[in-house]
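Student: Okay, predicted coordinates and the sequence, questions at the end:
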Amino acid sequence: MVQVATIHDKGHLRVAFVFGGLLNNAAPMSVHPTLRAMTDLLLDELPTLAREVLESTQHALQSQPKLFAMQEAWARRRGRFLSEFQDELRPQLERLREGDLNPRKMASSRPGQLSLVDEHQALRDVGVGHVAQLCQEASQQELFQLGNFFTGLHRGPVAGRDLNALRPALFARALVDVLAGPDLNADQHFELVRAAAPSLAAALVPRYQKLVALMEDAQLTPMVSTRPGQERRRSLFARDSQPGALADWHARSQVIHSRPQMLPKGGDPMLDRLYERILADPSLAAPVKAQLARLQVAVARLSRDDASLLRNEAHPTWRLINAVAAYCSGFHDAQDPRLVEFLRFLEDQTGALVHAAHPSSQQFDYLLRLVDAFIARQARERTEPSKEALAALEREPHRGTWLKVLREQLDEQARRLKLSNSARRFLHGRWAPLVAGSMVKLGSDHAVVQRLLHWVEPLLDSLRERSDGVEKEQLRRSLPPLVAGIESLLAPLALADEQRKGLLNDLMALHSRVLSARGDGQARPRSDAPDEAEVSRFVEERDSEHASVFAHAQVSMSELPTQPLPLPHAGESQQRTESQLWLDGLRIGGWFHLFCDDNWSTTQLVWIGEDRQLFLFVDQGGEHRRSLTAGALAKLYLNGLAMYLEQDGLLERAVATLLQDLDR
């Protein structure tokens, strides 16, 4: 049985179909025959698809001189491309053939677990996004129909997700992974991906056309062939309305015959029309619209005493309305407890404004600050499961400094106690990284870290060579509590079994060597071989003699070797400035569209590090938590893969539509 369902998608209506009630939570039924026919077709054509991409990429690299630098890297991959590309796609297509509509599910984050996205990972996502965008542009109509097909098959929530299991990102991810390798850095890998992207987009066009033909054969085309609506995700470089648009509309409206008033007598007809257009915005949920409509009384009273209201988009009133609309637009479910709590707070706080006979702009500004504080508080509450992980991420940059200081101190004590080279290597290579890692993970003041530091002196003493049997017997008796105390601290650090066993085995070997040393009253002679820890410390610490020479000598600049430095590219400099301005303007609580893990998601910024180098995003359900470095977020932004949910405010959209009415 075929059921028809309507699905609203942020500004346009899509018609989807439901087979046998699969959209409900009924028991799973057999795989739909059209879905199985689609996957069978792709599995059969997979070798041909891979070969077409291979040959087209080879031709592109040979025919375009600017891609000559990529030919060597491509040559190392060409021989294995056919098999690896198919190996990436075949298991996922086979799972899809059995009815798994999410063949590669993203694992949900455990409480406290974070997915860290650095600049290199972000560049991989940029590559996937670039390839997927080319494929989307080449097969837009077919992909829209396939999207409706899979929306009808899918069960569960659909908001904010691309449910097309055969979306271009599936093939783009395979291409990006196959072209990766240790011989290429992130930038070189991205350039090779860009060179191969048009080949994949061209090869997928006839395949998507064949998939749509299968739907036509099954007489499903009328269900999925509605015309694609306006693209939901705006272009990266789309800008807000021009400054002064509100004043321009106000001035032009004054010389045009006004429409009949929509609100009670005494109201400003232009304000009435503007507010009417604001409330008609399709992105506003009904409860949000009700709260903004309630605020309209106070806005109308303010307009009588404040002439700047209809001339300045930066007025606190409009900034408040934009802030409320932008925050509420991130909730797909109008019954979300956080949205309900926010609207209840807003209703309580707007009471004084609504009942004030002469509200002022200062009152709106104060309410805006309260709203910002409430949004930030509500967002920060979502960081609680990741509190410890975030603290560890912020401490990570100090690991190198802490490790160096620990090694210096241990080396000094090891020389004072005349420890063997093997003991010093253990302290330098095992113990110092263990303590530094615990300081990063738990903090320098944590009880476990303090106990590790407490065991340093007994540990050093246990590694000291003994000259007689009495001292060895004392050491033998002290070793069990020493080793047990150290081992008890390894569990809270959650070390890997290999690392834990390696540390304990090395420690046991050192103690065995000390206990088995000859007891003739003479210390064992130290090896003349250079100690690795001492050499490393010497290289790091010694002062350069050349520095003092150049500090006091007269140097002829003409005798120095020179190397021309390339001038910074103006476009790159402008992009860095633009991305930095965007990063500086980010505020906790905002909703974003992010392209990570090969898919778009609606996610909220809930935490910013003290130095603004780390940003934590949490999706609507709280299942996926991603921490992005500033560099990673900048790369996603510059490539249109990270953007505010609403780039244009509610007011700006209303003014834009009113200006369009005047131009007709």
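Tutor: That came in fine, so what should we check first? Bear in mind the structure is a predicted one, so any value in this text is a computation, not a measurement.
Student: any weak-confidence spans in the protein?
Tutor: 1-29, 102-115, 155-161, 223-267, 518-572, 646-648, 663-664 (pLDDT under 70).
Student: again, only this time at 50
Tutor: 1-29, 107-109, 111, 229-241, 255-266, 520-529, 535, 538-568, 570 (pLDDT under 50).
Student: now the strands for it?
Tutor: 2-8, 13-19, 115-117, 591-596, 599-608, 614-619, 625-629, 642-644 (DSSP state E).
Student: which residues make contact with the longest one from outside it?
Tutor: Residues lying outside strand 599-608 but in contact with it, judged by Cβ atoms under 8 Å, 6 or more residues apart in numbering, are 106, 159-162, 169, 233, 330, 332, 379-380, 382-383, 386, 390, 586-594, 614-620, 624, 626, 645. C-betas here are computed from N, CA, C, even on glycine.
Student: Just the C-alpha atoms of it, please, in PDB.
Tutor: This file holds the C-alpha atoms of strand 599-608, laid out as PDB (Å, rounded to 0.1, in the frame of the first residue of the first chain):
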ATOM      1  CA  ASN A 599      26.700  14.900   6.100                       C
ATOM      2  CA  TRP A 600      25.000  18.200   7.000                       C
ATOM      3  CA  SER A 601      23.700  18.500  10.600                       C
ATOM      4  CA  THR A 602      22.100  21.300  12.600                       C
ATOM      5  CA  THR A 603      24.200  21.800  15.700                       C
ATOM      6  CA  GLN A 604      24.500  24.300  18.500                       C
ATOM      7  CA  LEU A 605      27.700  26.100  19.700                       C
ATOM      8  CA  VAL A 606      27.700  25.500  23.400                       C
ATOM      9  CA  TRP A 607      31.300  26.200  24.500                       C
ATOM     10  CA  ILE A 608      34.300  28.400  23.400                       C
END
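Student: Name every strand pairing with that strand and say which way it goes.
Tutor: strand 591-596 (antiparallel), strand 614-619 (antiparallel) (DSSP bridges).
Student: just the angle between the first one and strand 625-629, please?
Tutor: Interaxial angle of strand 591-596 relative to strand 625-629 (axes from the mean of the first three to the mean of the last three Cα atoms, to 10 degrees): 80 degrees.
Student: How far off centre is strand 591-596?
Tutor: With Cα atoms, centre = their mean, to the nearest Å as the basis, strand 591-596 stands 7 Å off its chain's centre.
Student: What lies in contact with that strand?
Tutor: Residues outside strand 591-596 that contact it (Cβ under 8 Å, 6+ apart): 117, 125, 128-129, 233, 326-327, 329-330, 600-605, 617, 626, 636, 641-646.
Student: Does residue 615 touch residue 630 like I think?
Tutor: Yes - Residue 615 is in contact with residue 630 according to Cβ atoms under 8 Å; the separation is 7.2 Å.
Student: For residue 639, which non-adjacent residue is closest in space?
Tutor: Spatial nearest neighbour of residue 639, excluding adjacent residues (Cβ to Cβ, 6 or more residues apart in numbering): residue 126 at 4.6 Å.
Student: so who does the one you found touch?
Tutor: Residue 126 sits in contact with 190, 635-636, 639, 641, where contact means Cβ under 8 Å, 6+ apart.
Student: Just put those residues in TSV and tack on distance to residue 280.
Tutor: As requested, the contacts of residue 126 are exported to TSV (distance: Cβ to Cβ, whole Å):
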residue	distance to residue 280
190	43
635	37
636	33
639	34
641	31
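Student: Now the buried members of those residues.
Tutor: Taking 16 or more other Cβ atoms under 10 Å as the criterion, what is buried in those is 190, 635-636, 639, 641.
Student: That'll do, ta.
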